[in-house]
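S.K.: Got a predicted structure here, sequence first:
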2 protein chains.
Amino acid sequence: MATSSNIVICTGFAQGLRLICKHLLRRGVRTIAVEDPWHNQQRATVRAFGFRVIPIPVDEHGIRVDLLRKTEARAVIVTPAHQYPTGAVLSASRRSSLIDWACLKNALVIEDDYDAEYRYDREPIGALQGLAPDRVVYCGSASKILAPGLRLGWILLPADMVSDVASEKHEEDLGSPVMEQVTFADFINRGELDRHLRKSKIIYRRKRDLMIAAINKQFPSFRVRGVAAGLHLMVELPSEVDESALVASALEHAIGVYGVRPYRLRKGPPALILGYGALSELRISKGIQDLRLHWNPFLLE
Amino acid sequence: MATSSNIVICTGFAQGLRLICKHLLRRGVRTIAVEDPWHNQQRATVRAFGFRVIPIPVDEHGIRVDLLRKTEARAVIVTPAHQYPTGAVLSASRRSSLIDWACLKNALVIEDDYDAEYRYDREPIGALQGLAPDRVVYCGSASKILAPGLRLGWILLPADMVSDVASEKHEEDLGSPVMEQVTFADFINRGELDRHLRKSKIIYRRKRDLMIAAINKQFPSFRVRGVAAGLHLMVELPSEVDESALVASALEHAIGVYGVRPYRLRKGPPALILGYGALSELRISKGIQDLRLHWNPFLLE
């Protein structure tokens, strides 16, 4: 549940995470568990505040809550609706298990709901925050659902965190720009955001299907992971393939492909992240075809 | 001189100052000189980064550069166009003396040009930055000249600081909102900002003159300080008057008047800050009249 009294408006998850980190430090928290793999830049932010970072493996059902339970962590950052980058969705039993852990340990779950609206095979799953509003900090943003250039995000907070995080926000930049907030509220109230999401879901789903078909055709040994959602794919490579060689080769030909290794804290199979949100369908087909040519030498070994 | 290669866009002086503080820490700077009096919140920001803060007195010609020279500081934060809150303008000889100090000591001048456009008695004075672009960090903002809700500011940097400060900005929030930047650039290009400034200068000057006349009439023992500029007045009180009693009394009657004492690091005469930017002419006259009634008991002592 969101009411105006438990929301702090921020410029996106990057700032939201920083505000939360500052609050956790003041609460005496010194250790944060994170999903592994996860954003390396956001992990760097957490570390820059001096937190010890505990990596918790992710499988096809999301974060391994059983392993989280064995740690000393009193805070965890998760992407339950669509894990980044694996594309896994946190299963129902893990969701309740995670909330159970948070209640038992008096711990905090930081939920990054970065692209939850883009679920193509079913309705989006409800946020964890709805299950335990006093144990979950929810972070949402207009970056994926509308435009990253807006720099508009929102944090739903447990009641006892609101005034502290709001003060931090005020100290950082005296508050977010007003115009976007008013405009975005109007956009939502007029039903335009819903219309935009319905329309863009169809477009993104087509792009996703097209990219998967192209990958399956050109690279039959690659395995597309994750549910039908979001704006990117994670593709697992055969274990003998050199992930970073593929990334470097793509980059050389000006094709943006990311390796998962920089996102991992523990070893894992070689894998790539391919985004399709901003590409035309033509560019997607052409791009995968081109990659086939450029990657041939690395795959034949 | 500003070119696109030495500007970092930020959300205003609050963020700009934080980015500069981070850079100075990495450069090994541990001491910053500031004007006294100056914003207490911004001083708190500087201190929060662990800097030792050296207060340098301000007189009617601006910061006492002769006293700055005697310190160990290698960085100073100044408001040369319109000192906050005294309203003094840094004199021509002090300006060159300040730049001279910066070059001699290889020091950095951080110039907060918060309301420089609002000069009512003559053309605005050029920025310090133009005198020594490699020794001055210039901070500008749309907050005073257009609207604080925009959260749009800009930092002009010496060439060797640009990439570092730009990285800090990216790390903090991945960049400022795009829409305002495009709109503001268009607003400037079409000459609208100049028209807006010409128009609002007339309005603010009338308000200022009105407020000064009202103060002189109701409080003949008060002394209005500072040049004809900006959006606020500093008023010096007779030495026996209790500054904080006046502030509390005004607040009790919902009139926003600020004391200068919280802004001071060293002792100074009792003084008040009165803003007129957002008030109608009627409210200004009425407000000063009302203050006369409320303050009578404190002034008769």
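M.R.: Happy to help now that I have it.
S.K.: And the residue nearest the centre of chain A?
M.R.: What sits nearest the mean C-alpha location of chain A, by CA atoms, centre = their mean, is residue A:84, with 4.2 Å.
S.K.: Before we go further, that one is sitting in a helix, right?
M.R.: No - looking at residue A:84 with DSSP: H, G, I helix; E, B strand; the rest coil, it is coil, so not inside a helix.
S.K.: doesn't residue A:39 make contact with it?
M.R.: Yes - counting by CB atoms under 8 Å, residue A:84 sits close enough to residue A:39 to count as a contact (6.3 Å). (C-beta placed from N, C-alpha, C; glycine too.)
S.K.: okay, stretch A:109-117 in CSV with CA atoms only?
M.R.: Written as CSV, here are the backbone C-alpha positions of stretch A:109-117 (Å, rounded to 0.1, in the frame of the first residue of the first chain):
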residue,chain,number,x,y,z
VAL,A,109,13.9,-6.3,2.4
ILE,A,110,14.8,-3.7,-0.2
GLU,A,111,12.7,-4.5,-3.2
ASP,A,112,13.8,-3.1,-6.6
ASP,A,113,10.8,-3.3,-8.8
TYR,A,114,12.6,-2.0,-11.8
ASP,A,115,10.6,-3.5,-14.7
ALA,A,116,7.8,-5.4,-13.0
GLU,A,117,5.1,-3.9,-15.3
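S.K.: just so I have it, where are all the strands in chain A?
M.R.: Listed in chain order, the strands of chain A (DSSP state E) span A:7-10, A:31-36, A:52-59, A:62-63, A:75-78, A:108-112, A:136-141, A:153-156, A:223-225, A:232-236, A:258-259, A:271-275.
S.K.: Relative to chain B, how far out is residue A:290?
M.R.: Remark: distance between residue A:290 and chain B (CB to the nearest CB, to the nearest Å) = 29 Å.
S.K.: Low-confidence regions, the stretch 201-301 of chain A specifically.
M.R.: Scanning the stretch 201-301 of chain A for pLDDT under 70 picks out the ranges A:301.
S.K.: make it 90
M.R.: Regions of the stretch 201-301 of chain A meeting the criterion pLDDT under 90 cover residues A:299-301.
S.K.: for it, what spans make up the helices?
M.R.: In chain order, the stretch 201-301 of chain A shows helices spanning A:243-252, A:281-300, with DSSP state H, counting those that start in this stretch as the criterion.
S.K.: would you list those helices in a markdown table and tack on mean neighbour count?
M.R.: Rendered in a markdown table, the data for the helices of the stretch 201-301 of chain A read as follows (neighbours: other CB atoms under 10 Å in any protein chain shown):
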| stretch | mean neighbour count |
| --- | --- |
| helix A:243-252 | 16 |
| helix A:281-300 | 15 |
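S.K.: wait, which of the ones you listed is closest to residue A:31?
M.R.: When the helices of the stretch 201-301 of chain A are compared by CB to CB, helix A:243-252 sits nearest residue A:31, at 29.5 Å.
S.K.: ok and the closest one relative to strand A:232-236, angle-wise?
M.R.: Here the directions of helix A:243-252 and strand A:232-236 differ by 140 degrees (axes from the mean of the first three to the mean of the last three CA atoms, to 10 degrees).
S.K.: Now do helix A:243-252: everything it contacts.
M.R.: For helix A:243-252, the external contacting residues (CB atoms under 8 Å, 6 or more residues apart in numbering or on different chains) are A:237, A:256-261, A:270-272, A:291, A:294-295, A:298.
S.K.: Recalculate using a threshold of 7 Å.
M.R.: Helix A:243-252 has contacts (CB atoms under 7 Å, 6 or more residues apart in numbering or on different chains) with A:237, A:257, A:258, A:259, A:261, A:270, A:271, A:272, A:291, A:294, A:295, A:298.
S.K.: Pick out whichever of these sits closest to chain B.
M.R.: residue A:258 (16.5 Å; CB to the nearest CB).
S.K.: so the closest one makes contact with residue A:273?
M.R.: Yes - the pair residue A:258 / residue A:273 is scored as a contact, 4.2 Å apart, by CB atoms under 7 Å.
S.K.: What distance do you get for the residue nearest to the centre of chain A to residue A:62?
M.R.: Relative to residue A:62, residue A:84 is positioned 11 Å away (criterion: CB to CB, to the nearest Å).
S.K.: Could you do residue A:284 as well?
M.R.: Distance of residue A:284 to residue A:62, computed by CB to CB: 27 Å.
S.K.: Most proximal residue of the stretch 201-301 of chain A with respect to chain B?
M.R.: With CB to the nearest CB, the shortest gap between the stretch 201-301 of chain A and chain B falls at residue A:278, namely 14.7 Å.
S.K.: Run a quick neighbour tally on that residue.
M.R.: By other CB atoms under 10 Å in any protein chain shown, the residues close to residue A:278 number 10.
S.K.: So what touches stretch A:66-82?
M.R.: Stretch A:66-82 is contacted by residues A:24, A:29, A:31-35, A:54, A:56-57, A:62-63, A:89-90, A:95, A:101, A:105, A:107-116, A:124-125, A:128, A:229-230 when judged by CB under 7 Å, 6+ apart.
S.K.: Distance from the chain centre to it, please.
M.R.: 15 Å (CA atoms, centre = their mean, to the nearest Å).
S.K.: Output it as CSV, nothing but the C-alphas.
M.R.: As requested, C-alpha coordinates have been extracted for stretch A:66-82 and formatted as CSV (Å, rounded to 0.1, in the frame of the first residue of the first chain):
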residue,chain,number,x,y,z
ASP,A,66,17.5,-20.9,2.5
LEU,A,67,21.1,-19.7,2.1
LEU,A,68,20.1,-16.1,3.1
ARG,A,69,18.8,-17.6,6.4
LYS,A,70,22.2,-18.9,7.2
THR,A,71,23.9,-15.5,7.1
GLU,A,72,24.2,-12.7,9.6
ALA,A,73,22.5,-10.2,7.2
ARG,A,74,19.7,-8.0,8.5
ALA,A,75,19.0,-6.4,5.1
VAL,A,76,18.8,-7.8,1.6
ILE,A,77,18.3,-6.2,-1.8
VAL,A,78,16.2,-8.2,-4.2
THR,A,79,14.6,-7.9,-7.6
PRO,A,80,11.7,-10.4,-7.0
ALA,A,81,9.5,-9.5,-10.0
HIS,A,82,12.3,-10.1,-12.6
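S.K.: For that stretch, buried residues please.
M.R.: For stretch A:66-82, a neighbour-count test (16 or more other CB atoms under 10 Å in any protein chain shown) marks A:68, A:73, A:74, A:75, A:76, A:77, A:78, A:79, A:80, A:81, A:82 as buried.
S.K.: Mind listing the residues bridging to the fifth one?
M.R.: Using DSSP bridges, the bridge partners assigned to residue A:76 are residue A:33, residue A:109.
S.K.: I'd like the distance between the closest residue to residue A:275 other than its chain neighbours and residue B:284.
M.R.: Excluding its sequence neighbours, the residue lying closest to residue A:275 (CB to CB, 6 or more residues apart in numbering or on different chains) is residue A:232, at 4.5 Å. Spatial separation of residue A:232 from residue B:284 under the definition CB to CB is 57 Å.
S.K.: and residue A:160, how many neighbours?
M.R.: Considering only other CB under 10 Å, residue A:160 is surrounded by 9 other residues.
S.K.: Phi first, then psi, for the nearest residue to it once chain neighbours are set aside.
M.R.: Once its chain neighbours are removed from consideration, residue A:160 has its nearest residue in residue A:134; the separation is 7.8 Å (CB to CB, 6+ apart). Comment: the main-chain dihedrals of residue A:134 come out as phi -100, psi 0, following degrees, to the nearest 10.
S.K.: For residue A:134, give its distance to residue A:97.
M.R.: Taking CB to CB, one finds residue A:134 at 18 Å from residue A:97.
S.K.: So for those two, which residue has more residues nearby?
M.R.: Between residue A:134 and residue A:97, residue A:97 has the larger neighbour count (other CB under 10 Å), namely 17 against 14.
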